[in-house]
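Engineer: here is a sequence together with a model predicted from it:
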Amino acid sequence: MKTALLISTYNWPQALKLCLDSLVSQTVYPDEVLIADDGSRPDTGELIREFQNRFSRPVKHIWHEDEGFRLSGIRNKALLECRADYVIQVDGDVIMERHFIEDHIRFAQKNSVVVGSRASLGEDYTAGLLATGKLPSKRELDRNSSNFLNSRRIPWLTPMLSYYHTSGKNQYYAKGCNMAFWLEDMLAVNGYDESFVGWGREDSDLVVRLLAKGCFLRRIKMSAVQYHIYHKENDRYNEETNDLLMKKRIEEGSYFADNGILKSGDILSELLVVMSATAL
C-alpha cells in the first residue's frame, strides 16, 4: 500500500513550517506529499521549495489562483496528482504527533473512510510558538492544549473506539484536518464537490457520499494525534447555503459529485460513473 499525505494551506507559511517540521519527525513517512495551496502568496512557495530539498520523499506543490475560499477545488487538483493508494489528509495549521502517519497506516482498512480528532492550542501559546518557529515536544503541546482526551495516544484502545459516533446525529461529522480514504473510493464519488464554496460542510458532504457509495465510517480515537494551531475563525458567510446543499445530498442519496474532479457533461465523467457503478 502506497500512501500520500495531502496538506491544504493558504497564506500562513509560519504554521505550514511547523506542520512540515512535524512531518520530518514522523516514525513512518508517506510515499509522497501533496500540498494543496488555495492561492497563497510567493512566500509559501519558497517555504515549500526549501522543504522539497530537505525531505526524502516526493513533495508536489499544487496551486491555483486566489479567488476566495476554494478548498474543495484545490484538493481535487491535488488528488489528480496523487500516485498512491491511500490518502491521509491534514490541514497546514496542525502539528502531527510523531506516530501520526504510522497510526493511520495501521488503522487503514479497505472500503472505509477514517475521521480523526484534534487537540487545540491556545491563542497566547500559539503566538509564542509562531514567534520561535521551533517544533515543541509532545509534553509541551499537551500542557498547552485543550480537548485533553484528543491528545492522548493509547493505540490498543483505538480498535475498540472505531465506531464511536458513527451513527445518529454525529454520523456525518468530519473535519478535513484529520481524515483518510482510498483514492479509488474518492475517484468513484468524483472527489470533493466544488459547489461548496466558502467555509463548511465539504468534508461532511464527502462522508455522506462515500457512505452512499458503500464505504463505512470509522473513527480513529486515541491514535493519529494532532494539535491545531490557534487562529481566528474563518468567515462563515456561506455556511447556510452549504448546510442546505448537504441536506439535499442526504435526501437524494446520490454519491457522485457532478461538480467534482471531473465536471458534468465531460465524457470521462460519464465513463467514471459507469465504472464506479460496475464496481459496486
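Structural biologist: Here it is on my side, so go on.

Engineer: what mean pLDDT does stretch 116-134 get?
Structural biologist: Taken as a whole, stretch 116-134 has a mean pLDDT of 95.

Engineer: quick one: that stretch to chain centroid distance?
Structural biologist: 19 Å (C-alpha atoms, centre = their mean, to the nearest Å).

Engineer: quick one, strands of the stretch 151-280 of the chain?
Structural biologist: Along the stretch 151-280 of the chain, the stretches classed as strands by DSSP state E, counting those that start in this stretch are 178-182, 216-220, 226-228.

Engineer: what sits up against the first one?
Structural biologist: Which is strand 178-182. By C-beta atoms under 8 Å, 6 or more residues apart in numbering, the residues outside strand 178-182 that reach it are 85-90, 94, 104, 107-108, 110-111, 113-118, 203, 210, 215, 220, 224, 226. (Glycine included, C-beta is placed from N, CA and C.)

Engineer: by mean pLDDT, show me the worst of the strands of the stretch 151-280 of the chain.
Structural biologist: Across the strands of the stretch 151-280 of the chain, the lowest-scoring stretch is strand 216-220, with a mean of 94.

Engineer: chain center to it, what's the gap?
Structural biologist: 14 Å.

Engineer: before we move on, back to that, ok, of the contacts of strand 178-182, which come out buried?
Structural biologist: Neighbour counting by 16 or more other C-beta atoms under 10 Å classes 86-90, 94, 104, 107-108, 113-118, 203, 210, 215, 220, 224, 226 among the contacts of strand 178-182 as buried.

Engineer: could you list the low-pLDDT ranges of the stretch 101-250 of the chain?
Structural biologist: 166-170, 198-200, 234-239, 250 (pLDDT under 70).

Engineer: still on that earlier bit, could you export the strands of the stretch 151-280 of the chain as TSV, including distance to residue 129?
Structural biologist: Formatted as TSV, the strands of the stretch 151-280 of the chain follow (distance: least, C-beta to C-beta, whole Å):
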stretch	distance to residue 129
strand 178-182	19
strand 216-220	25
strand 226-228	10
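
Engineer: nearest to residue 162, out of those strands?
Structural biologist: The closest of those to residue 162 is strand 216-220. By C-beta to C-beta, the value is 4.6 Å.

Engineer: helices or strands up against that closest one?
Structural biologist: When contacts are defined as 3 or more C-beta pairs under 8 Å, 6 or more residues apart in numbering; DSSP states H and E, strand 216-220 sits against helix 100-107, strand 112-116, helix 202-213.

Engineer: nearest to residue 19, out of the ones you listed?
Structural biologist: Closest approach to residue 19 among the helices and strands packed on strand 216-220 (C-beta to C-beta): helix 100-107, 10.6 Å.
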